[in-house]
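[1] Below are the sequence and a predicted model for it; my questions follow.
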Amino acid sequence: QVQLKESGPGLVAPSQSLSITCTVSGLSLTSYDISWIRQPPGEGLEWLGVIWTGGGTNYNSAFLSRLTINKDNSKSQVFLKMNSLQTDDTAIYYCVRVGGDHYFDYWGQGTTLTVSS
Amino acid sequence: QIVLTQSPAIMSASPGEKVTMTCSASSSVSYMYWYQQKPGSSPRLLIYDTSTLASGVPVRFSGSGSGTSYSLTISRMEAEDAATFYCQHWSGYPLTFGGGTKLELK
């Protein structure tokens, strides 16, 4: 069955960078696009970006200067890196499979990130 | 960017009651997508392409709309439907989500 699982550091100090890994199973990264979405505590959902099957990316312009998404197809892993973290980057970070054309049909459990000194 | 406004922000319904929530887009979108999220869980896809039920979604859920106005309807409220619902578009970048409608059981 399709599974996505995020793993991240949990706690990061302000101004530092974040790296999260999404490991997928039951799907091939050469067949499905993967997006990253985050959700601050008690708030709604915010799309960060997408990595296409061919490796190209599209980012939310609000994060363009500090966000990188890449992947390793052979390891079935997708990576998110975000620089210059601030306290308002505290959120649950989800990796999500893009189904059909433009929706999210499988979600990881999410990894919680706290930005604090 | 296209802003999605969901209303109401909070609502309650009794078992068996019909529930309708709306999602208004600041510009016309091609399709709308809907998700359900329960506390402590990841969102779940409910409806795609405006009106198609995702796999395993009960038939009491339905979606409709076009242009800038979309809605999600539950024909008869059940206790397990209590959750927060989000709409989402992908008619241009960045794709965005609505702020959510929290549905409570009365």
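    Perfect, thanks for sending it. Every value quoted in this text rests on a predicted model; they were computed, and no experiment measured them.
[2] Look up which helix or strand the spatially most central residue of chain A falls in, please.
    Nearest to the mean C-alpha position of chain A, counting by CA atoms, centre = their mean, stands residue A:36 at 3.2 Å. Applying DSSP states H and E as the criterion places residue A:36 in strand A:34-39.
[3] need the contact list for the residue nearest to the centre of chain A.
    By CB atoms under 8 Å, 6 or more residues apart in numbering or on different chains, the residues touching residue A:36 are A:20, A:22, A:47-50, A:69, A:78, A:80, A:93-96. C-beta: built from backbone N, CA, C; applies to glycine.
[4] Now it: closest residue in space that isn't a chain neighbour?
    Among residues not flanking residue A:36 along the chain, residue A:48 sits closest, at 4.2 Å (CB to CB, 6 or more residues apart in numbering or on different chains).
[5] now for the helix or strand containing the one you found, which elements pack on it?
    Secondary structure from DSSP H and E places residue A:48 in strand A:46-51. Contact partners of strand A:46-51 among helices and strands, from 3 or more CB pairs under 8 Å, 6 or more residues apart in numbering or on different chains; DSSP states H and E: strand A:34-39, strand A:57-59, strand A:67-72, strand A:91-99.
[6] Would you format those strands as CSV with mean pLDDT included?
    Shown next, in CSV, are those (pLDDT from 0 to 100):
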stretch, mean pLDDT
strand A:34-39, 98
strand A:57-59, 96
strand A:67-72, 97
strand A:91-99, 97
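[7] Please identify the most buried of the ones you listed.
    Most buried of the helices and strands packed on strand A:46-51 by mean neighbour count (mean count of other CB atoms under 10 Å in any protein chain shown) is strand A:34-39; its value is a mean of 24.
[8] Now do that strand and strand A:67-72, the angle between them.
    Interaxial angle, strand A:34-39 versus strand A:67-72 (axes from the mean of the first three to the mean of the last three CA atoms, to 10 degrees): 140 degrees.
[9] Next, the angle strand A:46-51 makes with strand A:34-39.
    On the basis of the same axes, to 10 degrees, strand A:34-39 is oriented at 170 degrees to strand A:46-51.
[10] Okay, and the beta partners of the residue nearest to the centre of chain A?
    residue A:49, residue A:95 (DSSP bridges).
[11] gap between it and chain B?
    To chain B, residue A:36 is 12 Å away according to CB to the nearest CB, to the nearest Å.
[12] show me the contacts for the residue in chain A that chain B sits nearest to.
    Using CB to the nearest CB, the closest approach of chain A to chain B is made by residue A:102 at 3.3 Å. Residue A:102 sits next to B:31, B:33, B:90, B:95 when contact means CB under 8 Å, 6+ apart.
[13] Before we move on, what's the pLDDT of it?
    As predicted, residue A:102 sits at a pLDDT of 84.
[14] Could you tell me which residues of chain B lie near chain A?
    With CB under 8 Å from any CB of the partner chain as the criterion, chain B meets chain A at residues B:1, B:31, B:33, B:35, B:42-45, B:48-49, B:54, B:86, B:88, B:90, B:93-100.
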